[in-house]
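Engineer: Build the 3D model from these lines:
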Amino acid sequence: MGRKYESIEELRRKKKLLQGEISDLENLLTFKNTKESLSAFTNGLSDQYLQEKIDEDGDEKVVLRKDVIAKQLTSEVKDLLISKNTAVGIASSAFKGGNITDGLVKLGITALVGNYAKKNMKSSNWKKKLIGAALIYLAPIALKYVRKKMEVYQKNKSVSSLEQLI
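Structural biologist: A predicted model of the protein is given here:
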């Protein structure tokens, strides 16, 4: 069955090590230490936003660090406003290929599909509910496919027009 063990004692040590690993994983999955469990699930992303504190009863609690969240949020909003409101930011986004129009088109399509799907999901008819669920799950895949095909078509069209020029 794989590796042969030299003695029963070696097998018992291996069993004890595996049981220890399993109990560590069980502790992690049962959120006995909430901060450590969330850190493992988010690959350390949540570490900067969580802090362990001891309350009046002496129990450990995990609380959100509102100062870090607020600082990061304000810096992100500030960067967004500076890049969008200045003439340099608008000019650079215009030269990048019309990111503003792409974003508006994507937002519009998402809103239309989302509203139609929501309307169908609220319907009492099971067929409409099925269509709504299909839209929710299949529309992003279909839109990605159409977008890729449009990009390939546009690329081929520009290459053929360049060939005609040459």
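Engineer: Against T34, how distant is the residue nearest the centre of the chain?
Structural biologist: With distances taken as CA atoms, centre = their mean, T42 lies nearest the centre of the chain, 10.9 Å away. Distance, T42 to T34, using CB to CB, to the nearest Å: 12 Å. Bear in mind the C-beta positions are built from the backbone N, C-alpha and C, glycine included.
Engineer: Low-confidence regions, this protein specifically.
Structural biologist: The model of the chain has pLDDT under 70 over residues 1-3, 28, 30-33, 41, 80-104, 165-166.
Engineer: What is the helix or strand harbouring K61 packed up against?
Structural biologist: Using DSSP states H and E, K61 falls within strand 60-64. Helices and strands touching strand 60-64, by 3 or more CB pairs under 8 Å, 6 or more residues apart in numbering; DSSP states H and E, are helix 34-41, strand 50-54.
Engineer: Next, the angle from that strand to strand 50-54.
Structural biologist: Angle of strand 60-64 versus strand 50-54, following axes from the mean of the first three to the mean of the last three CA atoms, to 10 degrees, is 140 degrees.
Engineer: With just CA atoms, put strand 60-64 into CSV.
Structural biologist: Extracted in CSV, the C-alpha atoms of strand 60-64 (Å, rounded to 0.1, in the frame of the first residue of the first chain):
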residue,chain,number,x,y,z
GLU,A,60,-11.3,37.6,23.6
LYS,A,61,-13.2,39.3,20.9
VAL,A,62,-12.3,40.1,17.3
VAL,A,63,-13.3,43.6,16.3
LEU,A,64,-12.9,45.6,13.1
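Engineer: Now the element after it, going C-ward?
Structural biologist: helix 66-85.
Engineer: Since that was my last question, I'll sign off now.
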